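>>> Let's see this in three dimensions:
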Amino acid sequence: MGGYLRVEADNLGRLLRDLHNSQEWMRKALSGMKDIGPKSTGSEALDNACDEFHDSWDNAIEKIADGTGQIKDKLRATKNDYEAVEQAIRDAMHKGAAKKQGPAPSPQPRPTAGAR
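Numbering: from 1, shown residues only. Sure thing, here's the model as predicted:
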């Protein structure tokens, strides 16, 4: 029965971690661009181009990071829901198995050799 739908909660956890890391990497890359330039290239035209590039990507990276954060939040909720459902199914199966077993039947007397 359990083979029809399978959710790998561990894989969802890894995906959540990867999404979190990607947010950090995007923000660090943008921060690194701010530290490197644009005021350090020596050419005013290049400095201006770097400044414009940074400004345009600053907004884009923030939007990507924010969107990634929203995906991460929804994925975390989905993972938690799947784990709760799996636990509820396990609990129900154990409860059902315990009811099915019930009390052990009392032993019946064995017929003796002389009884027919």
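>>> On the pLDDT front, check D51 for me.
We note a pLDDT of 76 for D51 in this prediction.
>>> Count residues in the vicinity of it, would you?
14 (other CB atoms under 10 Å). Yep, even glycine has a C-beta here, placed from its N, CA and C like the rest.
>>> Which helix or strand contains it?
According to DSSP states H and E, D51 maps onto helix 44-101.
>>> How many neighbouring residues does E86 have?
Count around E86 with other CB under 10 Å applied: 13.
>>> tell me the contacts of it?
V7, A9 (CB atoms under 8 Å, 6 or more residues apart in numbering).
>>> Could you measure from it over to G67?
According to CB to CB, to the nearest Å, E86 stands 29 Å off from G67.
>>> Can you report how many residues neighbour Q87?
Neighbours of Q87 using other CB under 10 Å come to 10.
>>> If you could redo that for E24, that was the one I meant.
Around E24 there are 10 residues (other CB under 10 Å).
>>> same deal with I64?
Other residues close to I64 by other CB under 10 Å number 15.
>>> How about M93?
12.
>>> Centre of the chain to stretch 49-58, how far?
Here stretch 49-58 is found 33 Å from its chain centre; the criterion is CA atoms, centre = their mean, to the nearest Å.
>>> In it, which of the residues would be classed as buried?
C50, H54 (16 or more other CB atoms under 10 Å).
>>> And for stretch 55-72?
In stretch 55-72, counting by 16+ other CB under 10 Å, buried: I61, A65, T68, K72.
>>> Quick one: residues contacting the third one.
For T68, the set of contacting residues under the criterion of CB under 8 Å, 6+ apart consists of L19, S22, Q23, M26.
>>> Perfect, that will be all.
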